[in-house]
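Novice: okay, predicted coordinates and the sequence, questions at the end:
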Amino acid sequence: MRVIDLIIKKRNGAELSDDEIDFFIQGFTQGDIPDYQAAAWAMAIFLKGMTSTETVALTMAMVRSGKQLDLSSVAPIVADKHSTGGVGDKTTMLVAPLVAATGLPVGKMSGRGLGYFGGTIDKLETIPGFRATLSESEFRAGLAKVGLVITGQSSELAPADGKLYALRDVTGTVESLPLIASSIMSKKIAAGANCIVLDVKYGKGAFMKTLTEATALAEAMVAIGLGLGRKVRAVLSSMEQPLGYAVGNALEVREAIQTLQGHGPEDLLELAYLLGSQLLLMAGRAKDETEARVQLKTALESGAAFAKYKAFIANQGGDTSVLENPERLPQAPLIEELAAMQSGYIQNIDAEKIGMVAHELGAGRKSKTDPIDPAVGLILHHKVGDRVEVGEPLVQIHASQQLAIENVRRLLQTAYTFS
Ligand code: URA
């Protein structure tokens with residue numbers, strides 16, 4: 001088989017066979033297929049799409065690029081949650097400890113930032129000492145000891161996705177149904193959980209801009225999971241405005257900590273309860289959503305979820321003193337306010353533009369090997385529907401350079417519409 005022929009075949013819109021997809025994925029993982037050919041192939045998939053048979057084959061080829069964990073000896077039921085990506089989406093840092101605190105173990109593989117969306121791993125790594133690259137035995141040990149473990153992509157679990165994800169991030173090939181579905185589901189299948197909830201986002205600040213596209217993505221992922229014997233549910237959630245108030249890695253960790261301490265934004269907490277309750281239902285731990293929500297609320301209000309988060313951070317080497325003193329998280333040297341340009345009710349906060357601003361400040365990557373700036377980002381002071389007066393602070397900008405602040409001010413202003 002020749003790599004160039006497979007690129008041309010996909011470019012021409014033909015269906016690739018299972019063997020052809022496997023050949024490509026294993027060759028790319030092992031370094032035999034260079035990035036430029038993989039980028040061309042990903043772009044061909046982006047433009048021509050894939051059939052559902054191809055998408056399943058791509059998922060399974062990515063799973064086979066590494067190990068597939070069987071966690072049954074550690075816990076009979078393991079829960080996992082994954083989001084398709086959104087702006088200010090720190091939900092994993094809530095759902096995982098909430099669910100784990102009810103006694104249902106959570107073991108999950110998360111991603112880094114993609115496009116202008118932050119990734120859970122980049123966020124958690126802003127906690128000094130936190131280790132997100134775990135070996136298989138560390139993953140199992142974390143699950144057994146704490147009941148909550150989160151790892152990033154490694155050379156052991158779905159390494160093909162790790163490589164392809166980083167390449168897609170910088171080659172304009174992110175917003176593709178088959179690439180997103182296979183990326184997410186390969187991680188879920190490899191990491192071994194048997195109950196999986198997918199948070200499929202739609203709207204301005206999501207990869208899927210419409211509910212119809214998001215539904216198609218949700219259906220594709222649920223079908224892959226069910227076909228492989230997992231329990232899977234998808235929740236469709238709006239990403240028209242950012243989730244919560246904080247956007248940026250350490251800023252989002254701080255907001256997650258505040259939420260676990262009982263002082264979180266309503267929209268974030270509501271989504272966390274919704275996702276968490278689906279996991280409890282799938283695992284048979286609650287008879288209906290009301291009962292599941294009571295369990296999660298109790299975990300939050302009793303402090304059990306916060307204690308679980310702390311134990312999880314400690315187990316992965318993180319400095320837990322930052323959980324009590326979040327000001328010890330990385331802090332940007334420059335903090336400035338953007339004032340409201342007019343009085344009125346906030347009609348819309350364009351999540352895409354907010355994400356782009358955070359990315360521009362350095363919260364995301366422009367090329368594959370770029371480091372991220374953990375401290376930069378935005379704190380929005382309001383949500384859609386709030387009344388503001390001209391001149392009052394609208395957004396707090398956390399930046400490392402004055403020039404960056406000047407550069408983003410205009411774009412930030414255009415992210416808001418008033419009525
Ligand atoms: N999350 C992932 O893990 N992969 C994608 O492609 C998009 C969101």
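Specialist: Right, received. Where do you want to start?
Novice: residues contacting the helix or strand containing residue 107, please?
Specialist: In the assignment (DSSP states H and E), residue 107 maps to strand 106-109. Contact with strand 106-109 is made by 71, 75, 78-82, 92, 96, 99-100, 139, 142-143, 147-153, 157-158, 187-188, 190-193, 279, as judged by Cβ atoms under 8 Å, 6 or more residues apart in numbering. Every C-beta, even on glycine, is put in place using the N, C-alpha and C of the backbone.
Novice: how is the protein carved up into domains?
Specialist: 3-64, 79-324, 331-418 (automatic domain parsing).
Novice: distance between the ends of the last one?
Specialist: Okay, so that is domain 331-418. The first and last residues of domain 331-418 sit 31 Å apart, counting by Cα to Cα, to the nearest Å.
Novice: state the helix or strand in which the residue in the stretch 51-200 of the chain that the ligand sits nearest to lies.
Specialist: Proximity of the stretch 51-200 of the chain to the ligand (Cβ to the nearest ligand atom) peaks at residue 183, 3.5 Å away. Applying DSSP H and E as the criterion places residue 183 in helix 177-191.
Novice: now for the helix or strand just after that helix, which elements pack on it?
Specialist: Downstream of helix 177-191, the first helix or strand assigned by DSSP H and E is strand 195-202. Applying 3 or more Cβ pairs under 8 Å, 6 or more residues apart in numbering; DSSP states H and E, one finds that strand 195-202 contacts strand 79-83, helix 211-227, strand 231-238, helix 266-282.
Novice: just name the most buried of those.
Specialist: The highest mean neighbour count among the helices and strands packed on strand 195-202, using mean count of other Cβ atoms under 10 Å, belongs to strand 79-83: a mean of 28.
Novice: output the contacting helices and strands for it.
Specialist: So strand 79-83, by 3+ Cβ pairs under 8 Å, 6+ apart, packs with helix 92-101, strand 106-109, helix 177-191, strand 195-202, helix 266-282.
Novice: now these in CSV, with mean pLDDT?
Specialist: Formatted as CSV, the helices and strands packed on strand 79-83 follow (pLDDT from 0 to 100):
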stretch, mean pLDDT
helix 92-101, 98
strand 106-109, 94
helix 177-191, 94
strand 195-202, 97
helix 266-282, 98
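Novice: out of these, nearest to residue 345?
Specialist: Minimum separation from residue 345 across the helices and strands packed on strand 79-83 (Cβ to Cβ) falls at helix 266-282, 17.1 Å.
Novice: need the distance between the two termini of stretch 87-107.
Specialist: OK, stretch 87-107 end separation, Cα to Cα: 23 Å.
Novice: what mean pLDDT does the strand or helix carrying residue 253 have?
Specialist: For residue 253, the enclosing helix or strand under DSSP H and E is helix 249-260. For helix 249-260, the mean pLDDT works out to 97.
Novice: contacting residues for residue 360?
Specialist: 404, 407, 408, 411 are the contacts of residue 360 under Cβ under 8 Å, 6+ apart.
Novice: what's the burial count for the residue of the stretch 51-200 of the chain closest to the ligand?
Specialist: Residue 183: 27 surrounding residues under other Cβ atoms under 10 Å.
Novice: quick one: it and residue 166 touch, right?
Specialist: No - contact criterion Cβ atoms under 8 Å: residue 183 and residue 166 do not qualify, at 11.1 Å.
Novice: what angle do the helix holding residue 253 and helix 266-282 make?
Specialist: 70 degrees (axes from the mean of the first three to the mean of the last three Cα atoms, to 10 degrees).
Novice: name the helices or strands packed onto helix 249-260?
Specialist: Looks like helix 249-260 contacts helix 92-101, helix 120-124, strand 246-247, helix 266-282, helix 304-315, strand 377-380 (3+ Cβ pairs under 8 Å, 6+ apart).
Novice: and the ligand, which of these is closest to it?
Specialist: Here helix 120-124 is closest among those (Cβ to the nearest ligand atom), at 9.7 Å.
Novice: tell me if the closest one is near the ligand.
Specialist: No - using Cβ under 6 Å from any ligand atom, helix 120-124 stays clear of the ligand, with a minimum separation of 9.7 Å.
Novice: ok and the following helix or strand past that helix relative to helix 304-315, angle-wise?
Specialist: Next along the chain after helix 120-124, taking DSSP H and E as the criterion, comes helix 136-145. Between helix 136-145 and helix 304-315, the angle comes out at 150 degrees (the same axes, to 10 degrees).
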